[in-house]
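Undergrad: give me the fold of what follows.
(5 chains, ligands or ions: 4)
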Amino acid sequence: GDDGGSGGGGDDDPIVIGVSLPLTGDFSEPGKGVERGYEAWAEIVNEQGGLLGRQVELKILDDQSNADRVVSDYESLIAQDGVDLVFGPFSTRLVVPSARVAQEYGMLFVEPAGAAAEVFEQGFENLFYAAPAVADDHYNYLADYLLSLPEGERPKTAAVAAMDDPFAQGTAYGLRDKLEEGGVEILVDEVYPPNTTDFSVIAAKIAESNADVVIGGSQYQDGVNLIIALQQLDYQPKVAAFSTAPTNPEFAAAIGNQTEGILSPTGWSPTASFPSNVEFVEKYTEIFGNPPAEDEANAYTTGQVVAAAVEAVGCAEQGECQQQLIDWLHENTVDTVVGPLSWDEAGRPSGAHLIQQWVGGEIKIVLPEDAKEADFIYPKPAW
Amino acid sequence: MAPDAPRRRRRWSRAVSLALLVVGAALVLSFPFIAPNPYILSAGVVILNYAVLSTGWNFMGGFTGYISLGHAAYFGLGAYGTGLIVKYLELPGFVAWVLAALVVVAISVPVGIAALRVRGASFVIVSIAFVLILLLVFQSWREFTGGSEGLIVPRPFPDLLRPEHHRAFFYLFAGLLAAALVAWWVIDRSKFGTALKSIREDEDKARSLGVPTTRYKLIAYVLSALVTGLGGGLYALWFGDLDPIFQFSILIGSYMVLMALLGGVRHLFGPLLGALIVGIALEYFKLEFGDTQFHLVAAGLLLGVVVLFMPDGVIPAVGQLIDRFRPQQTSIRDVSAAELLEQNRRSDASATGAADAREASGEASTRDASDVSDASDPKEVTR
Amino acid sequence: MNLETVELTKSFGGVTAVDHATVRFVDGKVNGLIGPNGSGKTTFFNCVTGMIKPDSGSVAYRGKDITKHASDRVARAGIGRSFQLCRVFPRMTVMENLLVAVRHPSVRTLLRSADDEHERERARHWLRRVGIDHLEHAEARNLSYGQQKLLELAGVLMGDPDTIMLDEPAGGVNPALIGRIATLVRELNEEGKTFIIVEHNMEMVMSLCDHVVVFDRGRPIAEGEPSMIQQDPRVLEAYLGV
Amino acid sequence: MAAASGAASNAAASTNLLELNDIEAGYGRAALVLRGLTVQVPPATVVCLVGPNGAGKSTVLKVASGMLAPRSGSILVDGVDVTGTNSQRMLKHGLAHVLQGHSVFREMTVAENVLLGAFTVKDQKVIDERVAFVQNLFPIVGERWKQLAGLLSGGQQKQVEFARSLMVSPKVVLLDEPSMGLDPKTTAKVFEQVARMRDAGTAVLLVEQNARRALETADIGCVLDLGRVHISGPAPELLADPTLGELYLGGRPAS
Amino acid sequence: MSGPLFLQSLILGVLLGGLYALLAAGLTLYFGIMRVVMIAHSAFLILAAYLAWWFNRETGLDPMLSLVVTVPVFFLAGFAMQRLLVSRLKPLTLTMMSVLLTFAIALIIEGALGFIFTGTQRRIQLPYAGDSLDVFGAQVPVVKLVAFVLAAFALLSLYLLLKYTRFGRALRATIQHPEAARLVGIDTDRTAGYGFGLGLATAAIGGTALSLDATIYPSLHWHWIGPLMAIIVVGGLGSIPGAAIAAMLLGISQSLLQIPLGATWAQTVFYVALFATLMFRPQGFFGGRLAQRF
Ligand SMILES: Nc1ncnc2c1ncn2[C@@H]1O[C@H](COP(=O)(O)OP(=O)(O)OP(=O)(O)O)[C@@H](O)[C@H]1O
Ligand SMILES: Nc1ncnc2c1ncn2[C@@H]1O[C@H](COP(=O)(O)OP(=O)(O)OP(=O)(O)O)[C@@H](O)[C@H]1O
Ligand SMILES: [Mg+2]
Ligand SMILES: [Mg+2]
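TA: Ligands and ions are numbered 1, 2, ... in the order given. Presented below is the predicted three-dimensional model:
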């Protein structure tokens, strides 16, 4: 990168955007998704002539899912390499510290993954979450649906197992609490550390409770392991909801294609008809050979949000420009692949997530009614 | 000649140390002003922090030869201690820092008593176990420690901009390091130090000579924990975001060992030198291969090379190199039976006591000279 | 004023190494402790110096009970001992080996420099007395077996204990030097030091000791003047085997 | 040198079982320990090395058994030049070495120690015989058969070591202070055993600080000093020599 | 806790314990017998697991077939490692230096794995991954059972090899007194090399067993090394049966404790046991007697 520090340089040289991502370690799976999303965004923007007529160039570092690495990464990107803009990393745990660095260097900080509540309680003015809803609201539609079922069919009991990660827990506990209020009894409520690989005993407890609903606050691999462990113990719930994991392209194969009926919330649907989304899906597919998933989409959204601000304000470099970008985003609404987004002063988006379900070997939107592509399957068939 | 060669070496190394001291001090003090950008400065802070930690480690490892791979435990305790005290008691950062140090001491005593019951490899294992326990506790006890979301420590100087903040802490770390070095130096040359070193060589023998090994080991251990803990606390105040996985990682602990070893555990400046080399290397690898795991391989290779080719560290290795250019000489002067008999007669006749001893030693050293000469000349000897 | 054990017993699994041994060593004397291999001499030493805990019985030194004391405490009480399978600090020089051995400093002097000329002189003195002063700067692990043995002896003396327990001081030492060590012991004894010497070298024991205790199967079977010990039929049978 | 090689060579120059010729050896970069030393051991002979501590006696044995490579000079076992041979092959050449100090395998049972002595022996019958033999030679070996050797008393360990060396019957045996730490009874047994080996035709190179006792058993004595053969000759002659007595063999201790 | 759940997690505990036992046995071999603290053991474990996974992905054959290759390869690797690296360490500082050396190797392996296979979590997709046998109402997952059998078999043969063969004796002699060992005609170099080779061979088997039913990623070995180390201390250094028993007990108690305490706190059982051992019986609870004598 150019050591010219802030100032960015002339109009012809590229806009350098610094990112630090967990390409290895606990969050490597979603981290890579986000990386692909950013790359897709850069490629698409560049072939359309870049931002402000300048090409964009990504500088991506690996933070190994470590908070200390993520901070020194952003510090080196901003202070050492003097990048013009930064994009956020993956996972709440890494978003908070890196957002602070960005703030102290007065940088705009749009992020694709820090959905958990406390991200927005740190008093950042430079932070924006580029997705429709914060974690707790992801399952709103599902909760409403289940509780609206007639007395007889309505699930009575639920079991929860969540990774010890603010995002995963945010989603799972959002659903758990709403169900509990609705009179559903929570029989099992487990937390496991991100590095857990043996789920047999957690599974044993869930199986033994034989709850109607199983809620997995999962990233990717832990979700898969939990499901396999549950299969091994031959436990058959009426509803199985897992955050993020089921949307992963490898998911079906990983659990032996016993996917029918598995649920997952998503901020984004490949089939949603927003103009930029259609373009994104097909361009992405032609670049990577396979359609994007949610992480990619969130990353792409991040790009779109920043791009919108840059084009509107007409600058992209360190210094006072950043504050202008921030102010602009606070005032305006941006059209993205997940629809129009606007934020409150803390950077919270104001929307809700869609609910997807595996139907006939494909993952389809089933809730809310108006956006559905298939009917909600209930109770879930055996896996 | 034989006896004063070591003396000369001692004088020589003292000179070197002095030179190092002056140059080092000058460099350290001026560094914040030569540092081209805040990132380099922050890297400098990190390196000083490493130096403090490995010097702290060396109070135990260097003197008593008890290798603790789990010293990150005290780094983490110091850091979390500070953070938690600030959070719950709402005390100013540096007061919390001191209190945390006391807490670390309080914890290290019982742990030391337990761990120091075993030696050698078992101790290594115990030290590893200790840090892993703490990792578990701090990860899972979320109500108190914030769990794996980590803990946010408010800045002691909230109104300082990031670069000034780095500068301030650079000097704080430098001060701490200086204090640690002085302490180590005092012990090294003291009777206490000699006793500790005898433990390193043969603990039971040392005991039988009246060295209260249990107590001394414990003192060394607690001292070591204290310095490491202070380092951790300062780190917390500087860095602000504590993450259990990083604070209590075996990796940090082994970096301490690597650094001390690389520089030379028996030398005052060994750990400091090691920290410089390793610290710079790590930052370099991070910037060069930031998006791969290659930096691990590099660190591993470095460690391996050190262990295999200069197990006593860089400083002694250099020393030996210089010795090569000295005329080769044996430290063992030969004495023939005839001379022994001579001595028999003399010392048997003489009464015991320092007076005669001094006189005798005088003429002992003259005998040295003559002997080496005739040792080098075969014909003389047996006659 | 003396070193005394009452009914001291130590057994390892099947073997009773020291078996209700009640022994008295008079101060200011050179005491010999002899007995066949495996008769419990070293174990007796270990129990007395607190290296291992006896199963039962007691050890009293100058009227104070030291049975439960750890070995370092015993040493500080003024009992120095050498090891049969001799032990030195391998990676320290001969001089350093002795500097460690200085009678243990009080808390005040603890942080004073270890490297003071006075101690060095004392060290050189002892090295000379045992005939290895020419090795002052050699690393201990590079010494020959006998040299290490001598170094260990010097180390014990360096601590300037009042009671000195030597486990086979002559083992592996050149005869010419043995004579010299004997002389050394005599002199120190005249200065009022008490010796307890385990030794298989009969010449040395008989000529050196004022009082000899004979162990067999962990029990003292005879004690007294060397001359009479040599006559004692049990001793002849159990030990000398003539 | 002629003087040094002494009676040994004249005795049977051609048929020496062990020959060390003009050995120069030292440890690491330190100065030489052995400075051109020649020792020869004919069959059925006990050659005894005596000398002050640090004279180089053990070093001689280490060189002879290949534990320490000489800087110059040659080593012949039964006429075969074995200079530079690794010590683990020496047994095949018919040379055994009992180390000074304590070299039992501390954390193995007495049984395992003794049986390891017969590591190279394949014939189970032979092994059993020898085991029986050493067990009644040193009762302790039998009594403690299943106990960890490291827990035996100093003297008992020496006995186990010696027993271990008796599990094979090599042409040349190097003994480094076999009597150290042994009580008079056992010492006597050991020297008897040495004599027996000699009578069986073995060449024994014996290092002893218990010099007078050793020279009584030995045929040839070699006084080592400063890494050279100071004097060597028939053992009785050396014993008789008063100056040697004072210098190396120790008179009666001063009293 | 209810009967069936208890039985279920007891079974799971036993299966887990078996795996622990094998992994710990390897460490015991290095540590108790060769005085080498093999930090890299679990790294090799993961390496083996990766090879099994890779083999399965490339060929589609059952991962256990990869043993045919990995076991000999690891044996040779171990041999080379001992001859080329470990043997260079000074005996005086062997323990300490071996810690660092093997730690370095662990780093290199982890780094290389991340370099080649990326940090992505991997899991072998077996057709029978979800299958299980029904034992009195409790489910015994087939994969875990297979892993257990594999472990038990390897463990037994290792034990017999060390206990009842000339090799075992020679190996221990070599470590305890190399000179003396050479003098009785033992080829100490080769013996020590074989010793190490064996250790790594167990790692190969253990790793493959592990890969059958767990997710793997390069830094996973850190999560194994702690419990394993605890096990060998509790079991008494150097005693393979000791390690096995300790592994079994701790494995079972871990999975039983998971029910009341949850996954995370249950892991602490290893360390609690470890410190208890230090307090009451530093030489370990089962065997592992050292000839400590003055
Ligand atoms: N730590 C131990 N464990 C088991 N047995 C032991 C231990 N220490 C000593 N013994 C046994 O106790 C007995 C006495 O041993 P000790 O070393 O006291 O004999 P000793 O009189 O010193 O013999 P030596 O003259 O050979 O030195 C021996 O039979 C020995 O095997
Ligand atoms: N490993 C070593 N490194 C350097 N020097 C050594 C080493 N071993 C022995 N020496 C020196 O070599 C000389 C001879 O040692 P050696 O062991 O042969 O003596 P020795 O005649 O056996 O004496 P002792 O009768 O005490 O056993 C001694 O001066 C000793 O200091
Ligand atoms: Mg003894
Ligand atoms: Mg010798």
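Undergrad: output the below-cut-off pLDDT ranges for chain C.
TA: Counting by pLDDT under 70, chain C contains low-confidence ranges at C:1, C:104-105, C:241-242.
Undergrad: ditto for the stretch 1-150 of chain E
TA: Scanning the stretch 1-150 of chain E for pLDDT under 70 picks out the ranges E:1.
Undergrad: swap the cut-off to 80 and go again
TA: Judged by pLDDT under 80, the stretch 1-150 of chain E has its weakly predicted residues at E:1-4, E:31-35, E:91-93, E:95-96, E:118-121, E:127-130, E:135-137.
Undergrad: and it, which residues reach chain C?
TA: Residues of the stretch 1-150 of chain E lying near chain C by C-beta under 8 Å from any C-beta of the partner chain: residue E:92. Using the backbone N, CA and C atoms, a C-beta is placed for each residue, glycine as well.
Undergrad: where along the stretch 1-150 of chain E do the strands fall?
TA: With DSSP state E, counting those that start in this stretch as the definition, the stretch 1-150 of chain E shows strands at residue ranges E:132-135, E:138-141.
Undergrad: buried deepest among those strands, which one?
TA: Burial of these is given as mean neighbour count (mean count of other C-beta atoms under 10 Å in any protein chain shown); strand E:138-141 ranks first at a mean of 22.
Undergrad: now do that strand: which elements does it pack against?
TA: The contact analysis (3 or more C-beta pairs under 8 Å, 6 or more residues apart in numbering or on different chains; DSSP states H and E) places strand E:138-141 against helix E:3-28, strand E:132-135.
Undergrad: sorry, back to before: need the strands of the stretch 1-150 of chain E in CSV (columns: distance to residue E:213).
TA: Below are the strands of the stretch 1-150 of chain E laid out as CSV (distance: least, C-beta to C-beta, whole Å):
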stretch, distance to residue E:213
strand E:132-135, 11
strand E:138-141, 7
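Undergrad: with distance to ligand 2 added, can I get those strands in JSON lines?
TA: Shown next, in JSON lines, are these (distance: least, C-beta to the nearest ligand atom, whole Å):
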{"stretch": "strand E:132-135", "distance to ligand 2": "62"}
{"stretch": "strand E:138-141", "distance to ligand 2": "58"}
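Undergrad: out of those, nearest to residue A:53?
TA: Nearest to residue A:53, of all those, is strand E:138-141, at 59.9 Å by C-beta to C-beta.
Undergrad: ok, the closest one: who's next to it in the sheet?
TA: strand E:132-135 (antiparallel) (DSSP bridges).
Undergrad: can you tell me what sits against the strand it pairs with?
TA: Residues outside strand E:132-135 that contact it (C-beta atoms under 8 Å, 6 or more residues apart in numbering or on different chains): A:232-234, E:11, E:139-142, E:145.
Undergrad: quick test: name the residue nearest the centre of chain B.
TA: Per C-alpha atoms, centre = their mean, the C-alpha nearest to the average position across chain B is that of residue B:58, at 2.4 Å.
Undergrad: pretty sure that residue contacts residue B:184?
TA: Yes - Residue B:58 is within contact range of residue B:184, at 6.6 Å (criterion: C-beta atoms under 8 Å).
Undergrad: and residue E:57, how close does it get to residue E:117?
TA: Here the criterion is C-beta to C-beta, to the nearest Å. By it, residue E:57 lies 10 Å from residue E:117.
Undergrad: please say which of those two ends up with more neighbours.
TA: Taking other C-beta atoms under 10 Å in any protein chain shown, residue E:57 and residue E:117 do not tie; residue E:117 has more neighbours (16 against 12).
Undergrad: for ligand 1, see how far away the nearest residue to that one once chain neighbours are set aside is.
TA: Setting aside the residues directly before and after it, residue E:117 is nearest to residue E:50 in space (C-beta to C-beta, 6 or more residues apart in numbering or on different chains), at 6.0 Å. In this view, residue E:50 and ligand 1 are 46 Å apart by C-beta to the nearest ligand atom, to the nearest Å.
Undergrad: what about residue E:50, how many neighbours?
TA: Neighbours of residue E:50 using other C-beta under 10 Å come to 22.
Undergrad: in which helix or strand would I find residue 36?
TA: All of this is about chain A. helix A:28-47 (DSSP states H and E).
Undergrad: right idea, wrong chain: chain C
TA: Residue C:36 belongs to no helix or strand when assigned by DSSP H and E.
Undergrad: and the gap between it and residue C:167?
TA: For residue C:36, the distance to residue C:167 - C-beta to C-beta - is 15 Å.
Undergrad: need the winner for burial among the helices and strands packed on strand E:138-141.
TA: helix E:3-28 comes out most buried of those by mean count of other C-beta under 10 Å, with a mean of 24.
Undergrad: now for that one, which elements pack on it?
TA: For helix E:3-28, the packing partners by 3+ C-beta pairs under 8 Å, 6+ apart are helix A:200-209, helix E:41-59, strand E:138-141, helix E:142-164, helix E:188-212, helix E:221-235, helix E:240-261.
Undergrad: could you look up the SS state of residue C:222?
TA: Three-state call for residue C:222 (DSSP: H, G, I helix; E, B strand; the rest coil): strand.
Undergrad: and it, what does it touch?
TA: Residues near residue C:222 by C-beta under 8 Å, 6+ apart: C:213-214, C:229, C:232, C:234-235.
Undergrad: what distance separates the longest helix seen in chain B from the centre of its chain?
TA: Determined from DSSP state H, the single longest helix within chain B is helix B:4-34. Centre-to-centre, helix B:4-34 and its host chain are 17 Å apart (C-alpha atoms, centre = their mean, to the nearest Å).
Undergrad: tell me where the model's unsure across chain B.
TA: Residue ranges of chain B with pLDDT under 80: B:1-14, B:16-17, B:20, B:120-121, B:148-149, B:285-295, B:319-320, B:322-383.
Undergrad: residues from the stretch 101-250 of chain E in reach of chain D?
TA: Within reach of chain D by C-beta under 8 Å from any C-beta, the stretch 101-250 of chain E has these residues: E:166, E:169-170, E:172-173, E:176-177, E:179-188, E:238.
Undergrad: change it to 7 Å
TA: Proximity of the stretch 101-250 of chain E to chain D is confined to E:169-170, E:172-173, E:176-177, E:179-180, E:182-188 under the rule C-beta under 7 Å from any C-beta of the partner chain.
Undergrad: taking those residues, tell me the two that lie furthest apart.
TA: Within these, two members stand farthest from each other by C-beta to C-beta: E:169 and E:179, at 16.8 Å.
Undergrad: which residues in the stretch 101-250 of chain B form strands?
TA: In the stretch 101-250 of chain B, the strands defined using DSSP E, counting those that start in this stretch lie at B:151-152, B:241-242.
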